[in-house]
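Chemist: got a predicted structure plus its sequence, pasted below:
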Amino acid sequence: MKTFEIEIPDEIYNRAIKHAEMMNITFDEFCCLSVEYFFAQEFGKKGYGKQKRNPITEKPSQTN
């Protein structure tokens, strides 16, 4: 697993926290889902693979 640090503007951070709370997940899980969703959309457009699940409504598996 790769880890990284980024600076997030306060406005975006606060919105992400609210969304994570609404989804009943942690901020870290929300960030992972957001990145996963982005890559699924980008690679799906280029034909590199199909999205196998909905990362917005399903939590990532613990075995990844």
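Modeler: Looks like it arrived, so ask away.

Chemist: which positions in stretch 7-22 come out as buried?
Modeler: In terms of neighbour count (16 or more other C-beta atoms under 10 Å), stretch 7-22 has its buried residues at Ala20. Placement of C-beta: from N, CA and C, glycine included.

Chemist: could you do stretch 29-47 as well?
Modeler: Result for stretch 29-47 [16+ other C-beta under 10 Å]: buried residues 30, 32-33, 36, 40.

Chemist: tell me where this protein has helices.
Modeler: Ranges of helices within the chain are 10-23, 27-45, based on DSSP state H.

Chemist: go through the ones you listed and name the closest to Thr3.
Modeler: helix 27-45 (10.4 Å; C-beta to C-beta).

Chemist: the closest one to helix 10-23, inter-axis angle?
Modeler: With axes from the mean of the first three to the mean of the last three C-alpha atoms, to 10 degrees defining the directions, helix 27-45 sits at 100 degrees from helix 10-23.

Chemist: sweet, I'm off.
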